[in-house]
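Here is the input, now give the coordinates:
(chains A and B)
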Amino acid sequence: MTVDQIPVTGSTGPAARADRGTPAERPRISMTARRHRAFYLFTSPWIIGFLLLTIVPMAYALWLSFTTYDGISPHWRYVGLGNYTELFSDPQTWKSLGRTGLFAITSVPLSIIAGLGLAVLVNRPIKARGLFRTLLYLPAVVPPVGVGLTFKALFDQNSGAANGVITIFGFDALGWLADPYARYVLLMSVLWAAGNVMIISLAGLQDVPRELHEAARIDGASAWRTFRSITVPLLSPVLLFQTVTGVIASVQTIMPLLLSPDGTTAGVTALPQSNYLYMMHVFSQYFALGRYGYASALLWVLFVLILIVTGLIFRFTSGVVFYNVDPEAKK
Amino acid sequence: MTATSLPPNSAPRVRVRVNRLVLYTVLVSLTGLFIGPFGWLILNGLKTSAELAASPVHWLPTTFQWHNFADAFNLIDFLGYARNSLIIALIYATLVTLSSAWVGFGFARLDAPGKKTLFGILIGSMMLPQMITLLPTYLIFAKLGMVDTYWPWVLWGLAAAPYLVFLFRQFFAGLPRELEEAAIVDGCGYGTIFWRIFLPQSWPVLSASFVIAFTWSWATTSPRSCCSPPTSRRWPSP
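As a prediction, the model looks like this:
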């Protein structure tokens, strides 16, 4: 811990003090310099780690995206923007991108609505509140691999509970994990984890000052009006955070792979079409075809798209989101 | 609010009771929907493979195949995989908690030119899609011969996690300034201040951070689990 050894002042001997300004200002200047040094010392693990473990891999991917590198053949070469022009003329890119967009704009609002609804429900004075909260949150801690296996068991064509229920009502058993229905199973597997949104919204709900609700009640506001005009605005920073992280998570989800019959990266080419999302396109190029260069180009396009979409979300919500305390206005 | 026009006492009470009935019905059925899948897994775990393949569905196993659960331990090296998971989770959670606290202290209590920019990058990096760095990271670690070792987890641990840095920063920023001023007057360096004064006060955050980091590395699909490939396979991986 080298910070310990940084002296408080350069030299503290009484002889040195005479030729160095007034005693009052001297320690302050060296204190500032010391704080600056200490700041970089303290933040350096993150700075170095970020450079080595994030910037370097991304730069490496950028370099690869200009080549035909496949990990095996030594005869790879630089192709400039070749991968990018191929990518934009590949119909699979556009189709998978469209499906991914559709998945994001359905799954994100649905999980936020579901999670917020659950939060409001378990925020009421009910019996066994802790138990209900725990049980509703429980699925959110299941690792995605577990979610995939669970949903494959639930929606299996022969032995799945879903087909068991619908055949009771006289419908034919459906091939849930195959083409037109696979996308709904994917959506349900995401909604199963709505407890994540619930728990974060719940924390936000508990921060809403009680006086505001009382004032609204005295003014004769209905429950819905109170929710819309008090609860939602006060929760809006939390909801914005949920939206942004939700979109980022949903565009790079690997859940379709985990729901596929094979469940390994080798099975990525045998996915039902409706679940062949952009990330699956990347996986099939990366793992099934070993086209590291082309897949890196796909990843960089995705990264730029995410930046644009995140920027747009912030731009369009800047007037809507309400900050009780502006975190940056403190100083 | 229409209750005022109804006869007092009886009607509102009935209404409240009906409301509560609706509320609990909704709650119980939703909860059933959410934990139902777990029940199905347990039921499936007690069936024979013939029952599992049968169509139409066998709702309940004819005889409970309890040995299935024992087999799960014996047919694969369950405990070995669990041990791998545990080692990785412990290494990562311990290191990342300490490094994030260290970095968080810097952002909370110290200043330097460029701090604001760095903090912006830190927050922004939380939104960076992990998948994008994963595949190149794997290639780099493979070149360094670190795939299938604990080293990637050590490095990720030492590099601090933005989310946890933010957590610690918020906590440290709330502690009174007198704490460090007194220590500076006594001639303590910032390292000592961090280690002796701030860390001992932050048990709640330290444990929260440890738990969060532990679950990340223990069970997340964490794309990163790709860096601990087949020979050291951990049981949460596919």
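
got a list of what residue 58 touches?
All of this is about chain A. Contacts of A:Met58 were listed using Cβ atoms under 8 Å, 6 or more residues apart in numbering or on different chains, and they are A:303, B:132-133, B:136. In this view, the C-beta of every residue, glycine as well, is placed from N, C-alpha and C.

other chain: chain B
By Cβ under 8 Å, 6+ apart, the neighbours of B:His58 are A:159, B:47, B:51-52.

That one belongs to a helix?
No - per DSSP: H, G, I helix; E, B strand; the rest coil, B:His58 lies outside any helix segment and is coil.

Find me the pLDDT at it, would you?
Looking at B:His58, its pLDDT is 76.

next one: B:Pro238
At B:Pro238, pLDDT is 31.

Of the contacts of A:Met58, which is the nearest to A:Gly293?
Comparing the contacts of A:Met58 against A:Gly293 with Cβ to Cβ picks out B:Pro136 as the nearest, at 11.3 Å.

The closest one belongs to a strand?
No - under three-state DSSP, B:Pro136 sits outside any strand and is assigned helix.

Now do A:Ala119 against A:Tyr137, distance only.
To A:Tyr137, A:Ala119 is 10 Å away according to Cβ to Cβ, to the nearest Å.

Need the overlap of contacts for those two.
A:198-199.

Comparing those two, which shows the higher neighbour count?
Taking other Cβ atoms under 10 Å in any protein chain shown, A:Ala119 and A:Tyr137 do not tie; A:Ala119 has more neighbours (26 against 19).

these two touch, right, that one and A:Ala194?
No - applying Cβ atoms under 8 Å as the test, A:Ala119 and A:Ala194 come out as separate, 9.5 Å apart.

ok, how many other residues are close to B:Leu175?
Neighbours of B:Leu175 using other Cβ under 10 Å come to 15.

Show residues contacting the lowest-mean-pLDDT helix or strand in chain B.
Least confident helix or strand, chain B: helix B:49-53 with a mean of 78, by mean pLDDT, DSSP states H and E. Residues from elsewhere that reach helix B:49-53, judged by Cβ under 8 Å, 6+ apart: A:158-159, B:44, B:58, B:61-62.

Turn the buried ones among these into a named ChimeraX selection, would you?
A single ChimeraX command selects the buried members of the contacts of helix B:49-53 (16 or more other Cβ atoms under 10 Å in any protein chain shown):
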select /A:159 /B:44,58,61
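
what ranges of the chain fall below the confidence cut-off?
Went with chain A since none was named. Low-confidence segments of chain A (pLDDT under 70): A:1-29, A:262-266, A:323-331.

Chain B was what I was after
B:1-12, B:129, B:219-238.

residue ranges for the helices of it, please.
B:10-45, B:49-53, B:67-75, B:78-109, B:115-125, B:130-143, B:151-158, B:162-173, B:178-185, B:190-192, B:203-219 (DSSP state H).

And chain A, is the third one touching that?
By that I understand helix B:67-75. No - interface with chain A: helix B:67-75 contributes nothing (Cβ under 8 Å from any Cβ of the partner chain), its closest point being 12.7 Å away.

near chain B, which residues of the stretch 101-250 of chain A show up?
A:118, A:121-122, A:124, A:126, A:132, A:135-136, A:138-139, A:141-146, A:148, A:150-151, A:153-154, A:157-161, A:163-164, A:167, A:173, A:192, A:195, A:220, A:222, A:244-245, A:248.

at 7 Å what do you get?
The stretch 101-250 of chain A comes close to chain B at residues A:121, A:124, A:126, A:132, A:135-136, A:138-139, A:141, A:143-145, A:150, A:153-154, A:158-161, A:163-164, A:167, A:220, A:244, A:248, as judged by Cβ under 7 Å from any Cβ of the partner chain.

ok so, going back, turn the contacts of helix B:49-53 into TSV, columns for distance to B:Leu206.
TSV is the format used below for the contacts of helix B:49-53 (distance: Cβ to Cβ, whole Å):
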residue	distance to B:Leu206
A:Asn158	49
A:Ser159	46
B:Asn44	40
B:His58	49
B:Pro61	45
B:Thr62	51
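
which of the contacts of helix B:49-53 lies closest to B:Cys188?
For the contacts of helix B:49-53, the nearest to B:Cys188 is B:Asn44 (59.8 Å; Cβ to Cβ).

Chain neighbours aside, what residue packs nearest to the closest one?
In space, and not counting its chain neighbours, B:Asn44 is closest to A:Ala153: 5.5 Å by Cβ to Cβ, 6 or more residues apart in numbering or on different chains.

Run a quick neighbour tally on the residue in chain B that chain A sits nearest to.
Ranked by Cβ to the nearest Cβ, the top residue of chain B for proximity to chain A is B:Ala159, at 2.2 Å. Look at B:Ala159: counted by other Cβ under 10 Å, it has 23 neighbours.

Identify the residues contacting it.
Neighbour list for B:Ala159: A:45-46, A:49-50, A:53, B:99 [criterion: Cβ atoms under 7 Å, 6 or more residues apart in numbering or on different chains].

Apply 6 Å and report the result again.
A:49, A:53 (Cβ atoms under 6 Å, 6 or more residues apart in numbering or on different chains).

For chain B, what's its nearest residue on the stretch 201-331 of chain A.
Residue nearest to chain B within the stretch 201-331 of chain A: A:Gln252 (4.1 Å; Cβ to the nearest Cβ).

hmm, back to that, what inclination does the stretch of helix or strand the residue nearest to B:Asn44 belongs to have with respect to helix B:203-219?
Assessed by DSSP states H and E, A:Ala153 sits inside helix A:144-154. Angle of helix A:144-154 versus helix B:203-219, following axes from the mean of the first three to the mean of the last three Cα atoms, to 10 degrees, is 50 degrees.

if we can go back for a sec, could you take the contacts of A:Met58 and lay them out as TSV, with extra columns for distance to A:Ser318?
Converted to TSV, the contacts of A:Met58 look like this (distance: Cβ to Cβ, whole Å):
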residue	distance to A:Ser318
A:Phe303	23
B:Ile132	26
B:Thr133	28
B:Pro136	33
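
got JSON lines for those, with distance to A:Ile200 and neighbour count too?
Shown next, in JSON lines, are these (distance: Cβ to Cβ, whole Å; neighbours: other Cβ atoms under 10 Å in any protein chain shown):
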{"residue": "A:Phe303", "distance to A:Ile200": "26", "neighbour count": "19"}
{"residue": "B:Ile132", "distance to A:Ile200": "25", "neighbour count": "23"}
{"residue": "B:Thr133", "distance to A:Ile200": "25", "neighbour count": "23"}
{"residue": "B:Pro136", "distance to A:Ile200": "31", "neighbour count": "23"}
